[in-house]
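Participant: could you look at this predicted model? Sequence included:
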Amino acid sequence: KFEFVFVRFKPETRWISLFYIIRNLAISLSPVIPSSFAQLLTLYWIFLLSCILNAWLNPWKLAHHSVMEVVVNSLFSAFLVVAMRFADLPSAEACAGLALVIL
């Protein structure tokens, strides 16, 4: 019934489909964060974590899919770093709140 979720991954890394569902939920909830800089920073960490996890595990059945996933996530991360340069810098209170959430 739910084979479409697991069929793309190697049998030993089928659990990563749960990671993708949580990652996509976090990406869709990022606009709720009031600060644009915090939104971009949150998205950056999500894509960076996804890039590292894909490079480490190579979860896709076909090797070139794993390579493409790493390349795309790296490009998204680089784009977000450039976008952070142009975002409004948060106040000290917002930085403290973000650091509290991260820790």
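Facilitator: Thanks, I have the structure now.
Participant: the helix or strand hosting residue 64: how far from the chain's middle?
Facilitator: Here residue 64 sits within helix 63-86, counting by DSSP states H and E. Between the centre of helix 63-86 and the centre of its chain there are 10 Å (CA atoms, centre = their mean, to the nearest Å).
Participant: burial count for the closest residue to residue 88 other than its chain neighbours?
Facilitator: Leaving aside its sequence neighbours, residue 88 sits nearest to residue 36 (CB to CB, 6 or more residues apart in numbering; 5.6 Å). In short, each C-beta sits where N, CA and C put it, glycine included. Residue 36 has 16 neighbouring residues, counting by other CB atoms under 10 Å.
Participant: per-residue pLDDT, residue 36?
Facilitator: Listed pLDDT for residue 36 reads 85.
Participant: repeat that for the one 10 residues further on.
Facilitator: Looking at residue 46, its pLDDT stands at 94.
Participant: one step back: list of residues touching the helix holding residue 64?
Facilitator: Helix 63-86 is touched from outside by 8, 37, 40-41, 43-44, 47-48, 50-51, 54-55, 58-60, with contacts defined as CB atoms under 8 Å, 6 or more residues apart in numbering.
Participant: roughly how far apart are the residue nearest to residue 88 and residue 15?
Facilitator: Separation of residue 36 from residue 15 (CB to CB, to the nearest Å): 33 Å.
Participant: what of residue 54?
Facilitator: 14 Å.
Participant: repeat for residue 84
Facilitator: Distance of residue 84 to residue 15, given as CB to CB: 31 Å.
Participant: more crowded one of the two?
Facilitator: Each of residue 84 and residue 15 has its neighbours counted (other CB under 10 Å); residue 84 has more, 16 against 11.
Participant: so which helix or strand takes in residue 49?
Facilitator: Here residue 49 is assigned to helix 36-57, by DSSP H and E.
Participant: between that helix and helix 63-86, how many degrees?
Facilitator: Angle between the axes of helix 36-57 and helix 63-86 is 160 degrees (criterion: axes from the mean of the first three to the mean of the last three CA atoms, to 10 degrees).
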